[in-house]
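Trainee: Predicted model, plus sequence, below.
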Amino acid sequence: MKIFSNDCLRGGTYLVTGASSGIGRATALLISQCGGRVIITGRDEGRLEDTYYALDSGASHVSSVQSLSDADETAEWVKGLVESHGILNGVFHAAGVELIRPARLIKQAQLDVIFGGSLYAAFGISRAICQKNVLNDGGSVVFMSSVAGSAGQTGLTAYSSAKAGIDGLTRSLACEVASRGIRVNSIAAGAVKTAMHERLFNGSGDAAAASYENSHLLGFGDPIDIANCVIFLLSSGSKWITGSTLAVDGGYMTR
């Protein structure tokens, strides 16, 4: 059930990465239902097209197939989007890749993938929005993070490192753009029922899966639970919030 008004983001243009599935897709759809114009991007052309055609038809949305893995390329790509489609009012960077593997087995190539889609792309977005005429003054940037950035878990050293980097980037970038009234925040999500979540825990066994779900006081979340928080952070309702990492984790971090 949508809890925000149909026009709370009306007139704004919002970039959503990782929009071909999961949290990115749910958020893109909700932005469009709240009156916003959405520029969606993702690696999978077919699934991104499905998202595009599911968007509310009230605005001239844009779809751009793109694999984000490099800060320099991402910065240039964002600037190109703005030149073609207009200045942004907000960004939600949801793109990322999962990996469960002990530190002793992780190779440089795997680090490049994990850090590329999440942290390096976030740096590229950051560099772009720091320039004039990319993000409007008073705009909002939301980065997708994870409780893994603050809580240790076996097999998640690379993923946790990338998300901890996102949270550090959030705090310092907020300082750099505050003079323009731009807000920068991240969302530290717990376990959300997405395709990525299923891939991570398919092989963990019933007992381990049940134990992990029980560690979330309110159980596993749904993509819409994160999307609702993103809408709040993109909207004027969060005009006095910046440099924060918002825990949306069903109570996981209280354990």
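Mentor: In hand now; what should we look at? Everything numeric in this text was worked out from a predicted model, so none of it was measured.

Trainee: CA atoms for contacts and neighbours, from now on please.
Mentor: OK.

Trainee: can you pull out the helices in the protein?
Mentor: For the chain, the helices defined by DSSP state H occupy 22-33, 45-54, 71-85, 108-115, 121-129, 157-177, 195-201, 206-214, 223-234.

Trainee: So which of those helices is nearest Thr245?
Mentor: Of all the helices of the chain, helix 157-177 sits nearest to Thr245, with 6.5 Å by Cα to Cα.

Trainee: dump the residue contacts of the closest residue in space to Val134 that isn't next to it in sequence.
Mentor: In space, and not counting its chain neighbours, Val134 is closest to Ile87: 5.2 Å by Cα to Cα, 6 or more residues apart in numbering. Counting by Cα atoms under 8 Å, 6 or more residues apart in numbering, Ile87 makes contact with Thr13, Asn133, Val134, Leu135, Asn136.

Trainee: And the second one, how close does it get to Ala75?
Mentor: What it means is Asn133. When Cα to Cα, to the nearest Å is the yardstick, Asn133 and Ala75 sit 13 Å from each other.

Trainee: Which one of these two is surrounded by more residues?
Mentor: Counted by other Cα atoms under 10 Å, Asn133 and Ala75 do not tie: Ala75 has more neighbours, with 19 against 15.

Trainee: how close does the more buried one get to Val65?
Mentor: As judged by Cα to Cα, Ala75 and Val65 stand 15 Å apart.

Trainee: Look up the closest residue to Ser145, ignoring the ones flanking it.
Mentor: Taking Cα to Cα, 6+ apart as the measure, Ser145 lies nearest to Ala188, with 4.6 Å between them; neighbours along the chain are not counted.

Trainee: Oops, could you answer that again for Leu29 instead?
Mentor: Nearest-residue entry for Leu29: Leu55, 5.2 Å, with adjacent residues in sequence omitted and distances by Cα to Cα, 6+ apart.

Trainee: who's in contact with that neighbour?
Mentor: Contact partners of Leu55, counting by Cα under 8 Å, 6+ apart, are Ala28, Leu29, Ser32, Gln33, His61.

Trainee: Tell me who's in contact with the residue nearest the centre of the chain.
Mentor: Of all residues in the chain, the one closest to the mean position by Cα atoms, centre = their mean is Ala94, 2.3 Å from it. Under the criterion of Cα under 8 Å, 6+ apart, the neighbours of Ala94 are Val16, Thr17, Gly18, Ala19, Ile23, Gly24, Ser118, Phe143, Met144.

Trainee: and with 10 Å instead?
Mentor: 16-19, 21-25, 27, 41-42, 117-118, 122, 142-145, 187 (Cα atoms under 10 Å, 6 or more residues apart in numbering).

Trainee: That one and Asn214: what is the separation?
Mentor: 25 Å.

Trainee: coming back round to it: show the pLDDT at the residue nearest to Leu29.
Mentor: The confidence metric pLDDT takes the value 98 at Leu55.

Trainee: can you check Ala195 too?
Mentor: Reading off the model, Ala195 has pLDDT 78.

Trainee: and what of Glu73?
Mentor: On the pLDDT scale, Glu73 is placed at 97.

Trainee: how many other residues sit next to Gly58?
Mentor: Neighbour count of Gly58, defined by other Cα under 10 Å: 13.

Trainee: Apart from its chain neighbours, what residue comes closest to it?
Mentor: Counting by Cα to Cα, 6+ apart, Gly58 lies nearest to Gly35, which is 7.0 Å off, once chain neighbours are set aside.

Trainee: does that neighbour really touch Cys8, like I thought?
Mentor: Yes. Look at Gly35 against Cys8 with Cα atoms under 10 Å: they come within range, at 6.7 Å.

Trainee: circling back: select, out of the helices of the chain, the one closest to Arg101.
Mentor: Between Arg101 and the helices of the chain, the shortest gap by Cα to Cα is with helix 157-177, which sits at 7.8 Å.

Trainee: Now that closest one: average pLDDT?
Mentor: 97.

Trainee: again with stretch 20-31
Mentor: Confidence over stretch 20-31, taken as the mean pLDDT, stands at 97.
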